[in-house]
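# Quick one, what's the 3D model for this:
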Amino acid sequence: MIQDRVIGVAGSALDQLMPMHIWVGPSGLINRVGPTLTKIAGQDLRGQPLFDVIDLQRPRAARSLEALLSLQGARLSLCLRARPDLPFRGMVVGLPAGVGGLIQVSLGLSFSRAVADCGLTLKDFSPCDQTVDLLYLREANAAIARESRNLTGRLQRARQAAEEQALTDTLTGLSNRRAMDSALLALTEAPVPRFGLMHLDLDFFKEVNDSLGHAAGDHVLTHVADILRSEIRAGDIVARVGGDEFVLLFRDCDDPDLLEAIGARLISRLEEPTMFDGQPCRISASAGSVLASRYDRPDPDRMLNDADVALYASKHRGRAQHTLYSEDLLAPLRPN
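All right, here's what the predicted structure looks like:
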């Protein structure tokens, strides 16, 4: 018959097998505490009275070492007095020859909080502790959540970039016709539409393209875009809607004098030559504008058409002009 034996175990081996143990001596003082439990307590518990360190919550009747050892093999509910927010499950066994007892505790529902608050890792648990499985699962879930957030972020950024690209003119970086149409529709649907619309067309751009080549033409267009961008306010919109055609939307604007001043300033700046490959590129611009406030109910297509009429009136007057739409311009006009 195989008899029960007492096996001597070194403290370091006990720490590996039971990293959350409490070894209490016959006097009720703690002899040794596992490294993980020490880490959770945040202090060295050796030499302290057991019931000054733990709060036995169930069964509450055990308030002495003798009473505690009488519960050998029973399930205990307890916590460290230093961490009452972390409940443990435990079990006690008596050591031979009346030399005290050994209490082994484990994390139950407090697992997640203990891991987060105390910085516990896989090294803090015995490999056969089911807490290791929970920790693996927690880390796997955290990794999946991180990857999901990263993927969501990448998808959102990609979608945003795609949307911006779909609304941006590739050459100039300005808004394109689609973006302008959307913005114009939103402005006309406002409860009290107050904005100005300017249609601007470059003069002598074809001559630059024909004489200096398309690369020079592209250079001129990007130069024009920089000027238009610098002349608008935050919230205003400038869009390239054709080869050398641009539409500008000025929010909160119902002042015809202001549109006249903006048109004159833009034309003046655009007439300043820009250099390309050592050659000056000279252009100008004609523009036509309309105010939303002149309509009972502004309609995007009608406003664009009226601004176009005003633009052609500018070209008819000799180019490098700005014209504000009025009923007098309804007669068909075409540039020379």
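
# Please make it C-alpha for all contacts and neighbour counts, starting now.
Noted.

# Give me the sheet partners of the top strand by length along the chain and which way each runs.
The residue-count maximum for a strand in the chain (DSSP state E) belongs to strand 83-94. Sheet partners assigned to strand 83-94 using DSSP bridges are listed as strand 76-80 (antiparallel), strand 101-107 (antiparallel).

# Let's have the ones you listed in CSV, adding mean pLDDT and mean neighbour count.
Below are those laid out as CSV (pLDDT from 0 to 100; neighbours: other CA atoms under 10 Å):
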stretch, mean pLDDT, mean neighbour count
strand 76-80, 92, 20
strand 101-107, 90, 21
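
# Let's have those strands in CSV, adding distance to Gly8.
Output for the strands paired with strand 83-94, formatted as CSV (distance: least, CA to CA, whole Å):
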stretch, distance to Gly8
strand 76-80, 26
strand 101-107, 14
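
# so which of those strands comes closest to Ala158?
Between Ala158 and those, the shortest gap by CA to CA is with strand 101-107, which sits at 43.0 Å.

# Not counting the closest one itself, show me its contacts.
By CA atoms under 8 Å, 6 or more residues apart in numbering, the surrounding residues in contact with strand 101-107 are 18, 20-26, 69, 86-95, 114, 131.

# and the next element down the chain from it?
helix 111-118 (DSSP states H and E).

# quick one, that following helix and strand 83-94 angle?
With axes from the mean of the first three to the mean of the last three CA atoms, to 10 degrees as the basis, helix 111-118 and strand 83-94 are set at 110 degrees to each other.

# pLDDT averaged over helix 111-118, what's the number?
Averaged over helix 111-118, pLDDT sits at 82.

# Would you mark the buried spots in the longest strand of the chain?
The neighbour-count check on strand 83-94 (16 or more other CA atoms under 10 Å) flags Leu86, Pro87, Phe88, Arg89, Gly90, Met91, Val92, Val93, Gly94 as buried.

# List the residues that contact the fifth one.
Contacts for Gly90 were tallied using CA under 8 Å, 6+ apart; they are Arg75, Leu76, Ser77, Leu78, Ile103, Gln104, Val105, Ser106.

# these two touch, right, the third one and Leu86?
No - here Ser77 lies out of contact with Leu86, judged by CA atoms under 8 Å, at a distance of 10.8 Å.

# shared neighbours of the two, which are they?
With the criterion set as CA under 8 Å, 6+ apart, the contacts of Ser77 and Leu86 do not overlap.

# In the stretch 151-300 of the chain, where is pLDDT below threshold?
162-164 (pLDDT under 70).

# Poorly predicted segments of the stretch 1-150 of the chain, please.
For the stretch 1-150 of the chain, the ranges with pLDDT under 70 are 1-7, 130-140.

# Enumerate the beta-bridge partners assigned to Val105.
Gly90.

# Distance-wise, check it relative to Leu86.
From Val105 across to Leu86, the span is 12 Å (CA to CA, to the nearest Å).

# And the helices in the protein?
Using DSSP state H, the helices of the chain run over 11-17, 35-41, 50-53, 65-69, 111-118, 130-166, 177-188, 205-212, 214-231, 256-270, 300-316.

# in the last one, what's buried?
This means helix 300-316. 300, 303-304, 306-315.

# Nearest to Ala292 among those residues?
Using CA to CA, the buried residues of helix 300-316 come closest to Ala292 at Met303, 7.7 Å.

# Surely the closest one is in contact with Val290?
Yes - counting by CA under 8 Å, Met303 does reach Val290; the two are 6.8 Å apart.

# what comes into contact with stretch 295-307?
181, 184-185, 188, 193, 197-199, 288-290, 292, 324-325.

# of those residues, closest to Arg229?
The closest of the contacts of stretch 295-307, once distances to Arg229 are taken by CA to CA, is Met198, at 13.9 Å.

# Can you name the residues that contact the nearest residue to the closest one once chain neighbours are set aside?
Among residues not flanking Met198 along the chain, Ser289 sits closest, at 4.2 Å (CA to CA, 6 or more residues apart in numbering). Ser289 is in contact with 196-199, 259, 306-307, 310-311, 322-325, counting by CA under 8 Å, 6+ apart.

# next one: Pro256
Leu291, Leu324.

# cool, and Ala320?
Counted by CA under 8 Å, 6+ apart, Ala320 has contacts Asp203, Ile267, Ser284, Ala285, Ser286, Ala287, Ser314.

# I'd guessed the third one sits against Leu270; true?
Spelled out, it's Ser284. Yes - counting by CA under 8 Å, Ser284 touches Leu270, with 5.6 Å between them.

# So Leu86 sits against Val115, correct?
No - using CA under 8 Å as the test, Leu86 is too far from Val115 to be in contact (10.6 Å).
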